[in-house]
Every structure is written in structure tokens, then in C-alpha cells.
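heads up, no residue letters with this:
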DNA sequence: TTCCATACTTACCTTTCCGTGCGTACTTAC
DNA sequence: GTAAGTACGCACGGAAAGGTAAGTATGGAA
């Protein structure tokens, strides 16, 4: 038995697989940040361009100030979010995606869009089906 | 403003954004399951084909029995994982991805692969700051 | 007879997550 | 003068995540 019997579709080598699946893979930390509950939404919300703090907070429904600030800091430390603060009297800070951030955000968005589009095919939509007028044939 | 909420799901654009970013979007639950720490790794590990429980456990480094069982149950309830149990004397259960599961897993894998490939481009401060902080009591 | 392997489940406990409320330094609006 | 907005930081407490260990049923190996 040498190589695999039914390998993954295409693209990246199986070597990468072994890395991520190993417990000490350093990428896991970044992956956790990116796939965190608010991390996903921040990346998607920032894809539209530059936004201010409270603007983002209104944009992302349900996020608290604490979580938004924390998520932005983590994503900034990872190099995905750029923070620009102006030393003016009412605080003015602008957040945007770095080139790296744009790349991950695109991947994240593809995943999120798939879930939104295919949500009606999932059994979860039956369990929590409380929607008034959204029933396709 | 465009107002098409019953159109074909062919092209997804900014309309979808508003749904996911709103607090009561039902897709958020599924998104959370898929992007959960172990959910991501289970989906990737199952992309190779069918695997048994302890086989998955050895494959995914660092996962506990409890978390693996729980994650598999959630993913099965969402319709991403298929579970087939044989009524034999030593329990024999096989896990695989459903067609839906294969689709998400691919999206998840693209994201995970990007992070692994581009990890070296990320700021070094992040890499060094990964340590289990132990606070003395 | 005891141990092990399988695929979990349950109980117990620690750790992390996350919302709420408060404070800041300053300005505009009422 | 009071309220609101801005962009957070800090402390508290409840909720959730997650690890460890033990139990369950059964047959085969030692």
C-alpha cells in the first residue's frame, strides 16, 4: 500500500494535510482566529472597504464593543487588518483589510456564501424553520 | 434599491452580505459549527474518504474522544457527515462526508490550505506569541 | 482470569469566551 | 448642563468549550 486509495479532489498536496492535522501545527492558531465567530464576520464586513469602529459595530449585528475590539486586535496582530488612527479630538480610527486580509476574506466569504445559499438544503433549516415567507417549492 | 428576495440563487452579491451580518441570520449557527475548531479539522480529515472513530482520533492530533464524538454528532445533524454503524460485537462505525459535506469541506480546505501556505508571510510577532500562559495562583 | 480494543456516554472539573456595565477625554447638540 | 457620540480598556460573572477519567457491552488474546 503506497499512495492513497481515494485522494482529495485536486489542488494541494497531501503533505499539507498532515501538517494541519498534527496537534503542533502553528497554523492552527491563525486558523482559529480567522474562523472565530466574529472573526469571520469582521473579515466579511471589511471586504467592502474601510470602516470605522462604531460603523462596523452597527454593520455586524449582535457584536459587542468588547468582542469587536478584541477581534480587530487579534486580526491586526495576524496581519489581516490595518488600523489607522487619527489624533483628533473625537477619536477617529479607520479599519481596513491588508492585502493578506483581502485574500483570506475572499476564502472566508466563499465558505460563508455557500452556507447561506445552501442553507435551505440543510436539515437545520427544518429544525429552526420559523420564517414567514421564504418557502420555495 | 434592488429588491429581489425570491430570485434564483445563481449570483450572490451584496444582498447576501446583509443577511449574514444581521444578528438573526439562521445561517450563523451552521457557520459556527463548520468553522468550529474541531469541525474544520473533521471535515478536512474526512475528505480523504471513510474513516472509523478511533482512526479519526489518531488522524486529528490533539482531539479528545469527547470532542470528536460531539463534533461528529453536530456535523451529522447538519447533514454534512454520514454515520454508518454495523451491529457487530466490537463496535464498528464508519464516518464519511455526505455530498453536501464534500462541498463545504472543499471550501473549508481552500481556506485552511491558504493559511498553511501563506503562514510564513504573517507577522513574526504572532508566531512567537503562541504560548499557553500559565498564571501562578 | 485478566487485559485490551471498539465506540461511545456520563460525570466532574478547569479554562476560555463573551456580554454588561463603568470609565475616559473631548466635542457637538439641545 | 445634560445627553450623546467616539474608540476603546478594565473588571465581574455567567455560559460555553473542552480535557480527564471512568463506565458499558462483548469477544478474542495472553
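Sure thing, it's come through. All figures in this text were calculated on a predicted structure; none of them were measured in a lab.

what about the longest helix seen in chain A and chain B, any contact?
Using DSSP state H, we find that the single longest helix of chain A is helix A:99-117. Yes: applying CB under 8 Å from any CB of the partner chain, one finds helix A:99-117 in contact with chain B at A:100, A:103-104, A:107-108, A:110-117. Just so you know, the C-beta spots here come from the backbone N, C-alpha and C atoms, and that holds for glycine as well.

neighbour-wise, which of the residues you listed leads?
Within these, most neighbours by other CB atoms under 10 Å in any protein chain shown means residue A:112, with 28 neighbours.

Wait, it touches residue B:32, no?
No: with contact defined as CB atoms under 8 Å, residue A:112 does not reach residue B:32; the gap is 11.1 Å.

The most centrally placed residue in chain A in helix, strand or coil?
Centroid-nearest residue in chain A: residue A:40, 2.2 Å away (criterion: CA atoms, centre = their mean). Using DSSP: H, G, I helix; E, B strand; the rest coil as the criterion, the local structure at residue A:40 reads helix.

does it really touch residue B:40, like I thought?
No: between residue A:40 and residue B:40 no contact is recorded; they are 11.6 Å apart, counting by CB under 8 Å.

And the pLDDT for the residue lying closest to residue A:86 once chain neighbours are set aside?
Of all residues not flanking residue A:86 in the chain, residue A:92 sits nearest, at 4.3 Å (CB to CB, 6 or more residues apart in numbering or on different chains). Looking at residue A:92, its pLDDT reads 92.

any idea how far residue A:92 is from residue A:42?
19 Å (CB to CB, to the nearest Å).

okay, these two: which has more neighbours?
Shown here are residue A:92 and residue A:42; by other CB under 10 Å, residue A:42 has more neighbours (30 against 12).

where do the strands sit along chain A?
Ranges of strands in chain A, per DSSP state E, are A:51-52, A:81-86, A:92-97.

Residue A:63 - nearest residue in space that isn't next to it in sequence?
residue A:38 (5.7 Å).

er, residue A:44 actually
Using CB to CB, 6+ apart, the closest residue to residue A:44 is residue A:109 (5.5 Å).

Who are the contact partners of that neighbour?
A:43-44, A:47 (CB atoms under 8 Å, 6 or more residues apart in numbering or on different chains).

Select from the residues you listed the one having the most neighbours.
residue A:43 (26 neighbours).

Show me the shaky parts of chain A.
Where chain A drops to pLDDT under 70, the residues are A:1-18, A:124-137.

Now with 50, please.
Residues of chain A meeting the criterion pLDDT under 50: A:1-15, A:128-137.

so how far is DNA strand C from residue A:109?
Between residue A:109 and DNA strand C the distance is 20 Å, computed by CB to the nearest atom of the strand, to the nearest Å.

can you pull out the helices in chain A?
A:14-21, A:27-34, A:37-46, A:53-59, A:65-77, A:99-117, A:124-127.

Please work out which of these is packed deepest.
helix A:37-46 (a mean of 24; mean count of other CB atoms under 10 Å in any protein chain shown).

coming back round to it: surely the residue nearest to residue A:86 and residue A:55 touch.
No: using CB under 8 Å, residue A:92 is not in contact with residue A:55, being 11.1 Å away.

Please name the residues that touch the closest residue to residue A:74 other than its chain neighbours.
Nearest residue to residue A:74, sequence neighbours excluded (CB to CB, 6+ apart): residue A:33, at 5.1 Å. Applying CB under 8 Å, 6+ apart to residue A:33 gives the contacts A:39, A:74-75, A:78.

rerun at 10 Å
Residue A:33 makes contact with A:39, A:43, A:71, A:74-75, A:77-78, A:80, A:104, B:115, B:126, according to CB atoms under 10 Å, 6 or more residues apart in numbering or on different chains.
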